[in-house]
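Visitor: How does the following fold in three dimensions:
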Amino acid sequence: MRKDKLHAMHDWKFEDDTGLENVIAYTSSSGIPARSGSVAGKATDVNLYQIGTDGTLADAGTNLTVYNLFGTAVAGDTYITCKRVASVWIVDAEDCG
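Guide: The predicted structure is shown next:
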């Protein structure tokens, strides 16, 4: 994703005390594959979501490429949080319930 698009998304992400950017996203039905050895899993069809002050989640109309560093796949049709490290988005947390 281009840097200018990231700035346009500023209302839907936040920077914590370390300067990391964090977003809410929703995986497609295919999810995100697990890491294989030293190669992260990758999905290019993860939907960016925004959250309203009332807690309502809404599709922001933007797809992200997200990498999965975990040894297990991220399920499809699942809300996740992602953080940006350098120039890439990585899975931060998944609801495994």
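Visitor: Quick check: closest non-adjacent residue to residue 21.
Guide: Residue nearest to residue 21 in three dimensions, not counting chain neighbours: residue 84, with 4.2 Å by C-beta to C-beta, 6 or more residues apart in numbering. Any C-beta I mention is one placed from the backbone N, CA and C, and that applies to glycine too.
Visitor: tell me the average confidence for stretch 28-46?
Guide: Regarding stretch 28-46, the rounded mean pLDDT is 97.
Visitor: Buried residues in it, which are they?
Guide: 31-33, 35, 40-41, 43, 46 (16 or more other C-beta atoms under 10 Å).
Visitor: swap in stretch 62-71?
Guide: Neighbour-count burial for stretch 62-71 [16+ other C-beta under 10 Å]: 62, 64, 66-68.
Visitor: Which residues does it contact?
Guide: Residues from elsewhere that reach stretch 62-71, judged by C-beta atoms under 8 Å, 6 or more residues apart in numbering: 1, 5, 9, 23, 25, 32-35, 40-48, 74, 80, 82, 88-91.
Visitor: re the thing from before, now the buried residues of stretch 62-71 in TSV, with secondary structure?
Guide: Below are the buried residues of stretch 62-71 laid out as TSV (DSSP: H, G, I helix; E, B strand; the rest coil):
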residue	secondary structure
62	strand
64	strand
66	strand
67	strand
68	strand
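Visitor: Tell me where the model's unsure across this protein.
Guide: 1-20, 97 (pLDDT under 70).
Visitor: so where does the residue nearest to the spatial centre of it fall, helix or strand?
Guide: When C-alpha atoms, centre = their mean is applied to the chain, the residue found nearest the centroid is residue 82 (3.6 Å). Assigned by DSSP states H and E, residue 82 belongs to strand 79-85.
Visitor: Tell me the first helix or strand C-terminal of that strand.
Guide: strand 88-94.
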